[in-house]
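1. everything below, folded, please.
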Amino acid sequence: MFAAVSISILFIAETKSFFSTSLNTDLSLHNNNDDEQQVQLNFDISMMDLPCEQATVDVYSTIGFEKNVTRNIRKYPIDEYGVRQQYEARNWHQDDVELWDPAVPELIEDLHQDGEDAISLDAESFPYALKQFPYLFVKFYTDECKNCDDLAPTWEALGEVITDTAMHIVDEYMENQNMDNHHYADEEYESAVNAMAPVLVTKLNCSLYPSICNEQKIRIYPTMRVFVDGEGKGDYNGHRTVLEMVHWLSHLEAEHREPGQLKMQKVVERKC
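-> Coordinates of the predicted model:
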């Protein structure tokens with residue numbers, strides 16, 4: 001009886017503590033030296049259920065200026081007991097990580113003049129694409145994400161590179177079969193291009209379809225995830241340039257396709 005009562009009291013106390021836990025921080029900064037342009041801020045926060053690469057810190061001014069300061073923060077993984085591990089985690093926003101491709105100077109509006117090569121998905125087309133296309137590259141983004149806006153031209157350029165390669169493959173096949181363009185309607189040709197694409201480059205707006213993003217456990221934006229036969233096989237966290245993403249996709253394809261089925265090598269050859 002004593003043990004049962006003790007366990008009941010502990011359970012109630014822990015449950016109450018869990019639901020009443022909150023983090024409130026009051027911070028005041030005083031800088032009497034007008035010449036000093038930087039303020040050092042020291043803090044120590046432990047988040048047990050948050051991966052290091054997803055922990056970021058942003059600073060906003062009163063006029064809306066945004067600055068990511070994660071690169072100045074040291075992050076360490078901890079175990080289930082809160083003990084710091086020996087190695088230091090890699091900051092996701094490093095100075096040497098390209099957040100967009102400088103080789104793509106066009107605006108997204110200019111790239112969309114001839115149509116969208118990075119296909120927009122919705123609640124109906126997303127599950128269809130997972131089943132229909134063995135390789136699917138999806139950018140999960142939101143309307144409020146500035147980094148998503150910066151990446152948009154690069155992502156569209158990646159879609160164009162993949163589409164151009166698929167068109168080259170289809171045209172080469174038609175030429176070998178002595179077929180001209182009149183054999184297919186535009187819809188049939190577009191379907192053939194999508195079918196021959198090494199990977200279908202798409203995007204999904206989590207502001208419009210939050211249930212899908214919650215189901216996929218999307219926590220940071222943008223998240224670029226590859227699906228192979230409907231299953232997520234990896235998130236891209238490297239340089240956000242077309243060439244780097246093409247090389248990453250080619251290595252990922254080599255892990256899941258037979259040598260005779262590899263298609264990304266054609267994209268690499270054309271891109272290089």
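2. average pLDDT for stretch 211-221, rounded please.
-> Rounded to a whole number, the mean pLDDT of stretch 211-221 is 91.
3. list the contacts of it.
-> Contacts of stretch 211-221 from elsewhere in the structure, counted by C-beta atoms under 8 Å, 6 or more residues apart in numbering, are 53-54, 56, 92, 123, 126, 140-142, 145, 147-148, 204, 206, 225, 232. C-betas here are computed from N, CA, C, even on glycine.
4. out of those residues, which are buried?
-> Buried residues within the contacts of stretch 211-221, counting neighbours by 16 or more other C-beta atoms under 10 Å: Glu53, Trp92, Phe126, Phe140, Tyr141, Thr142, Cys145, Asn147, Cys148, Leu204, Cys206, Arg225.
5. in strands, which of those fall?
-> Secondary structure of these is defined by DSSP state E; positions in strands are Phe140, Tyr141, Leu204, Arg225.
6. of these, closest to Lys266?
-> Of all those, the one with the least separation from Lys266 (C-beta to C-beta) is Arg225, at 22.9 Å.
7. check contacts around the closest one.
-> By C-beta under 8 Å, 6+ apart, the contact list for Arg225 reads Phe137, Val138, Phe140, Gln216, Gly232, Gly234, Asp235, Tyr236.
8. just grab the bridge partners of the residue nearest to Ala129 when sequence neighbours are not counted for me.
-> Using C-beta to C-beta, 6 or more residues apart in numbering and skipping the chain neighbours, the partner closest in space to Ala129 is Leu136 (5.6 Å). For Leu136, the residues forming beta bridges with it (DSSP bridges) are Leu200, Phe227.
9. how about the helices of the stretch 51-200 of the chain, start to end?
-> Assignment of helices within the stretch 51-200 of the chain using DSSP state H, counting those that start in this stretch yields the ranges 108-111, 125-132, 146-176, 186-196.
10. okay, those in JSON lines with distance to Ile78 and mean pLDDT next?
-> Formatted as JSON lines, the entries for those read as follows, by distance: least, C-beta to C-beta, whole Å; pLDDT from 0 to 100:
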{"stretch": "helix 108-111", "distance to Ile78": "40", "mean pLDDT": "90"}
{"stretch": "helix 125-132", "distance to Ile78": "35", "mean pLDDT": "94"}
{"stretch": "helix 146-176", "distance to Ile78": "27", "mean pLDDT": "83"}
{"stretch": "helix 186-196", "distance to Ile78": "45", "mean pLDDT": "67"}
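11. among the contacts of stretch 211-221, which one has the lowest pLDDT?
-> Lowest in pLDDT among those is Trp92, which has 44.
12. okay, now Thr10: neighbour count?
-> Rather than Thr, residue 10 is Leu. 10 (other C-beta atoms under 10 Å).
13. sec struct for it, please.
-> State at Leu10, reduced to three classes by DSSP: H, G, I helix; E, B strand; the rest coil: helix.
14. secondary structure element for Asp49, which one?
-> In this structure, Asp49 sits in neither a helix nor a strand according to DSSP states H and E.
15. residues near it, how many?
-> Other residues lying near Asp49 total 4 when counted by other C-beta under 10 Å.
16. out of the helices of the stretch 51-200 of the chain, deepest packed?
-> Highest mean neighbour count among the helices of the stretch 51-200 of the chain (mean count of other C-beta atoms under 10 Å): helix 146-176, with a mean of 19.
17. and that one, what does it pack against?
-> helix 108-111, strand 135-141, helix 186-196, strand 200-205, helix 242-256, helix 264-271 (3 or more C-beta pairs under 8 Å, 6 or more residues apart in numbering; DSSP states H and E).
18. dump these to JSON lines, plus distance to Thr165.
-> Listed next are the helices and strands packed on helix 146-176 as JSON lines, based on distance: least, C-beta to C-beta, whole Å:
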{"stretch": "helix 108-111", "distance to Thr165": "17"}
{"stretch": "strand 135-141", "distance to Thr165": "13"}
{"stretch": "helix 186-196", "distance to Thr165": "9"}
{"stretch": "strand 200-205", "distance to Thr165": "11"}
{"stretch": "helix 242-256", "distance to Thr165": "10"}
{"stretch": "helix 264-271", "distance to Thr165": "5"}
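19. that's all I had, so thanks and see you.
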